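Engineer: Prediction below, plus the sequence it came from.
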Amino acid sequence: MRKLGPGATAATREEAVACEMVLLAVPWDTVPKTLASLPAWKNQILLDGVNPFHGKAGSFLPANVGNLSTSQFVAGLAPGARVVKSV
């Protein structure tokens, strides 16, 4: 089992949305499901650490989000959050 670094805490989705700052770090294809059906965001910071690619190693395809940036797409799925792209 891997350990989290100092000050890092794992939480459920519902617990995370109540935190002051949340790091979103999931595979791109699971972003909509991860952010669906959560309680309303109340101006918390949502760090978007997601790489916007579909597929697996050797066959990655960029995400198609139309004329949006991928962080704008994420923000649309998390109304009330202040989305910041992290790399």
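Structural biologist: Perfect, I can see it now.

Engineer: Give the burial count for the nearest residue to F73 once chain neighbours are set aside, as a bare number.
Structural biologist: Counting by CB to CB, 6 or more residues apart in numbering, F73 lies nearest to V65, which is 4.3 Å off, once chain neighbours are set aside. For every residue, glycine as well, the C-beta is placed using N, CA and C. Per other CB atoms under 10 Å, the neighbour tally for V65 reads 14.

Engineer: Let's verify V65: helix, strand, or coil?
Structural biologist: The three-state label for V65, taken from DSSP: H, G, I helix; E, B strand; the rest coil, comes out as coil.

Engineer: Run a quick check on it versus Q72, I expect a contact.
Structural biologist: Yes - with contact defined as CB atoms under 8 Å, V65 counts as touching Q72 (7.5 Å).

Engineer: sorry, back to before: ok, the residue nearest to F73 - contacts?
Structural biologist: Applying CB atoms under 8 Å, 6 or more residues apart in numbering to V65 gives the contacts 52, 72-73.

Engineer: before we move on, what SS does K3 have?
Structural biologist: Going by three-state DSSP: K3 is coil.

Engineer: Before we move on, what's the pLDDT of it?
Structural biologist: On pLDDT, K3 comes in at 76.

Engineer: how far away is it from T9?
Structural biologist: Distance, K3 to T9, by CB to CB, to the nearest Å: 12 Å.

Engineer: can you check G49 too?
Structural biologist: Look at G49 and T9: by CB to CB, they are 16 Å apart.

Engineer: Also L61?
Structural biologist: 33 Å.

Engineer: Please state the offset of stretch 12-28 from the chain centre?
Structural biologist: 7 Å (CA atoms, centre = their mean, to the nearest Å).
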